[in-house]
Structures are given as structure tokens and as C-alpha cells.
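Chemist: based on what follows, work out the 3D shape:
(one chain, ligands or ions: 1)
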Amino acid sequence: MGFKTDFLWGGATAANQYEGGYLSGGKGLSTLDAITGGSHESPRMITYKTKEGKIERVTREQALPEGAVGYIDEDTYYPSHVATDFYHHYKEDIALFAEMGFKCFRMSISWARICPKGTMEINEEGLDFYDRVFDELIAHNIEPVVTINHFDIPMYLADEHDGWSDRQTIDNFIFFCETIFKRYKDKVKYWMTFNEINFLRSWTQIGIHNNDTQTKYQAAHHLFVASAKAVLLGKKINPDFQIGMMVAYIPSYPLSCRPEDVLAALQFNREQEFYIDVQVKGYYPAHKVKQFEREGVVIKKEAGDDELIAKGTVDYIGFSYYMSTVSTANPDKVKYVGGNQMPAVKNPYLEESEWGWGVDPTGLRIALSSLYDRYNVPLFIVENGFGAVDTIEADGSIQDDYRIDYFQKHVAAMHDAVTLDGVDLIGYTTWGCIDLVSAGTGEMKKRYGFIYVDMDDKGNGTLKRTKKKSFDWYKQVIASNGEELAN
Ligand code: BG6
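Modeler: Numbers count the residues shown, from 1 in each chain. You can find the predicted model right below:
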């Protein structure tokens, strides 16, 4: 017995990294429209205008001054504006996904395309666009899997409401959810509320100007309430909806069997599990309540919030898995490597990608088992993949054996988790199944796709699509329901 017969094989993308058309069809501005490209050496920068009218830049980790608003500087290149242009290429791309045999396709809906300011005004043209996309997917027997919000927020809500720190953002978000749930109720069954909810990154992601712990956790509370309300509303609109949460899961190993290192690993893991606990178990875990008390964090709750969170739990856990990490009680005495949204302690037993991300297929089996043992709900791997520089050979081919190698090992690990550990896994969508803009560095150079897109880090390129060697390999994996992994 291997994967289920209706296992959801497919690929994953996000609007801000793939769709482009940033002002087409009545779309409003999103925070990620005002973030530059970057690289290993230079971080992506937010461009903004101060209250006094000065144009400035900060990294995503820094706070924006009070009253600052996102600003698009005409002389600056912003990768999200065109990205790899799904907006104009969706038919061609979906045909390629169908050729690979995709059973599902994960994408996000741009909130600012449906509600240009994030408020309760609808852009009909935006709704039409996604209708066309879903119709095209369904015509190819591909199940849409929709992330309602992937890493951004309409710029107006960030600038005028301070994003998710304002309780009113919940109502605006629920209006957006109601609009898309009602419109697509017969086209979309699988939904996820917030992408990688454990990475609450400042202004770009959740629209907050001030990055302190109090603001961050207050915003998280609003996200939890919004997610619970969305689940309850979605189930009313269509009881068949499957609504999940989404977390970046990076299992951590203790650096040694020193009890202090083991405790450090436990603490690292439960920081990410906190977000799952609230959305799957329906309450704040005791360790978080104690942390808030110690750190003087006071969550403003309204009457009924706890009951809502308890009732509006999700149907499944969607998670991204790229790598594991290592924890130690002496973090300043160890070497660091790159990582998914944050640097990781170097694990001497693992090889690393060109971006320094440790490659750990066994970590995926560990992640699946830990999550299933702890929560006992269906799991969906909605991101996994290998960011690498691809070279076009003289004959025009792209021989990405390194990517095939990565996927072979990860699919084998998840096969073990299913067949040996009994994990209830419903699907697997590889990240960036077609090349798109990197979220971390804003580069095109870091590619994940089975399909190459001719676009560089400066916005030059024809956007032509070319199949890589991994395209046929993944097609064979899907056709054999994950049994045939040979290259
Ligand atoms: C996840 C995000 O963190 O990792 C994606 O959900 C992102 O949006 C992916 O693209 C890979 O990260 P990066 O930085 O290589 O694009």
C-alpha cells in the first residue's frame, strides 16, 4: 500500500511571486508591490514615503516610521509587478501542468485584486480573472487548492489601518472571504487561510509599522480569530469545503544530548507548533500564556474570541517543508547557514543548497510523524522544493538532475511516512512548479520549477516557458502514484 488513490499531486505558487499584472484589471496595490529585488548579499528593501514626504527604504526586519506609506519609485525595479506573468499565461501554464498529470494546483488569490483597498468594495474584473483560471483548471481535471492570503496585504489596509494590528482588519478579511467563498463555492473545495502564519513579518506581510512583540502577537490573535471565522463561514456556504491552516515547519534537532540543547530544540519546535495548536486544537497552549505573562504581552481579546477559536478549528494542516534546523543552548558559539526565512544552525551531517539551505529528506519523515502523532488530522505538504541556478545547455535543454535528486529523496521519505508510520497524507504540491520570484531574496536566479521561465533579476526576458528535465520525471512520479522514482 502506498499513497491513496486520490492523492493530490501537484505544484504550488503564490500570486505575489507568480501572477504579475500588478495594476491590470483594476487590482489595487499590495504591500509586496513596494519591495525591491535582492540577493545573497543585499536584502530586499521596502520603499516608502514618510509623513514629511521623504522617500526612504528599510529591510523587512526593520520598522517603518509612524505615518509612513508604501511608495512605488519609478526608477526602481519591483519583481512582483510582472513576476512570471501567470496573469497573461495561465492557459499555457495550466496546459503544461495538465501534461505533467497534476491532480491539483495550489495558488493564492490576491486580496488587492478582489478588494483593491482591502475594504468592502469589490473589483468584478478581479473575480472574473480567477473564474477563468478555475474554469481552465477544472477543464483539465486539476483541483484548485487556494491559499486565501499569501504573505501580503492590500497597501491601503497597511497604511491606513496598520494592517492586522487593527481589529477591523478581521471584518475586511471576512468580507473578502465571503466574496470568494460564495463566488467559487462550486469550483474550489480546498482552502488554506494564511500562508506560513508563523512568519509574521512586519509591514509587507501583515501590514504593521511597528515590529515589537506586543504588536506582533496582537496581530497574530486577530489572524487566529479571522481564520476561525473564515472556517465557520466557509462551512456554512459549502459544508464540503476543506479548510486548512498553513505553517512553515522546520523541525529542530538538539545539537547534542546535553539536556539544555534538548530543551532549546523543544522550545524552537513549540514556537512554530503554537500556531498549529491554536488553529487545530482551538486554544492557546499553556507555555505561550506563561511567556506572555513573563514578557508583559497583553492580548486584547473581545468577548467570544476564545469560543470562536475553539469552534473554528481547521480540517487539515498544510505545511511547507524545505529543511530542518539545529538548536543549542549556546547559539553564539556555532556556525550558521542560510534558511527558510531565517538562518539555521549548521548541521554537519547535511549537504546544503547553493543558498545554504540544509537538505534533509529524513527530516520530512520526522516532520510528518511529529505532526501526525501530535495532532491526528490529515496533513498536506503544500510546499517542498529545491532552489537552484539552472543552466540552459547549447541544445536548449535544462538538465536539472540536482532537483530530481532532491525530489526523489523527499518523495521516498514521505512514502515511508505513509506506509511505515501510517501518516494520513492527502497531497503534495512542490513549490514553484514553474519558475517564479523568490520570496526571500526577490531573485529569479533562484529557481524551483519543472518549467523554466525566461526572466532575469532585472526584469529582462521573453517569459518563454521551457520544460526542464525534471518535468518528465515528475510526470512519471504522478503517473505511478509515487511508486516510480527512478531518473
Ligand atoms: C516559503 C514561502 O517560505 O518558501 C514561499 O511560502 C517561498 O512564498 C518559499 O517562495 C521558498 O522561499 P524562497 O525564499 O526561496 O522563495
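Chemist: the residue of the chain found nearest the ligand: neighbour count?
Modeler: Going by CB to the nearest ligand atom, the ligand is nearest to residue 440 of the chain, at 2.6 Å. The way it works is simple: take the backbone N, C-alpha and C, and place the C-beta from them, glycine included. Number of residues near residue 440 (other CB atoms under 10 Å) recorded here: 19.
Chemist: ditto for residue 177
Modeler: By other CB under 10 Å, 26 other residues sit near residue 177.
Chemist: OK, contacts around it?
Modeler: 148, 229-230, 233-234 (CB atoms under 8 Å, 6 or more residues apart in numbering).
Chemist: is it correct that it falls within a helix?
Modeler: Yes: the assignment for residue 177 (DSSP: H, G, I helix; E, B strand; the rest coil) places it in a helix.
Chemist: any idea which element residue 220 lies in?
Modeler: Using DSSP states H and E, residue 220 sits in helix 213-237.
Chemist: packing partners of that helix?
Modeler: helix 168-183, strand 190-194, strand 242-248, helix 305-311 (3 or more CB pairs under 8 Å, 6 or more residues apart in numbering; DSSP states H and E).
Chemist: so which of the contacts of residue 177 are also by the ligand?
Modeler: When these are checked against the ligand using CB under 6 Å from any ligand atom, none falls in range.
Chemist: how near is residue 372 to residue 276?
Modeler: According to CB to CB, to the nearest Å, residue 372 and residue 276 sit 12 Å apart.
Chemist: who's in contact with the closest residue to the residue of the chain closest to the ligand other than its chain neighbours?
Modeler: Nearest residue to residue 440 in three dimensions, chain neighbours excluded: residue 341, at 6.5 Å (CB to CB, 6 or more residues apart in numbering). Residues near residue 341 by CB under 8 Å, 6+ apart: 196, 199, 201, 248, 439-440.
Chemist: of the residues you listed, the lowest pLDDT goes to which?
Modeler: Scanning those for pLDDT, the smallest score is found at residue 201, 73.
Chemist: neighbours around that one, how many?
Modeler: Based on other CB under 10 Å, the number of other residues close to residue 201 is 16.
Chemist: can you read off the pLDDT for the residue nearest to it when sequence neighbours are not counted?
Modeler: Counting by CB to CB, 6+ apart, residue 201 lies nearest to residue 60, which is 5.5 Å off, once chain neighbours are set aside. Looking at residue 60, its pLDDT is 91.
Chemist: who's in contact with residue 60?
Modeler: 35, 43-44, 46, 201-205.
Chemist: got a quick PyMOL command for the buried subset of those?
Modeler: PyMOL command restricting the contacts of residue 60 to the buried ones, with burial defined by 16 or more other CB atoms under 10 Å:
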select buried, resi 35+43+44+46+201+202+203+204+205
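Chemist: and the contacts of residue 60, which of them are in helices?
Modeler: With helices taken from DSSP state H, there is no overlap with the contacts of residue 60.
Chemist: near the ligand, from the contacts of residue 60?
Modeler: Applying CB under 6 Å from any ligand atom, the subset of the contacts of residue 60 adjacent to the ligand is empty.
Chemist: among the contacts of residue 60, which ones are in strands?
Modeler: residue 46 (DSSP state E).
Chemist: which pair in the contacts of residue 60 has the greatest spatial separation?
Modeler: Within these, 43 and 205 form the most distant pair, 14.8 Å apart (CB to CB).
Chemist: OK, contacts around residue 130?
Modeler: Applying CB under 8 Å, 6+ apart to residue 130 gives the contacts 109, 113-114, 180, 183-184.
Chemist: which parts of the chain are helices?
Modeler: All helices of the chain, identified by DSSP H, fall at 15-18, 86-100, 111-114, 124-139, 155-161, 168-183, 213-237, 259-276, 286-295, 305-311, 361-375, 401-419, 469-479.
Chemist: now stretch 130-146: buried residues?
Modeler: By neighbour count with 16+ other CB under 10 Å, stretch 130-146 contains the buried residues 130, 133-134, 136-137, 142-146.
Chemist: quick check, it touching the ligand?
Modeler: No: applying CB under 6 Å from any ligand atom, one finds stretch 130-146 separated from the ligand by no less than 13.6 Å.
Chemist: for that stretch, measure first residue to last.
Modeler: End-to-end span of stretch 130-146 (CA to CA, to the nearest Å): 11 Å.
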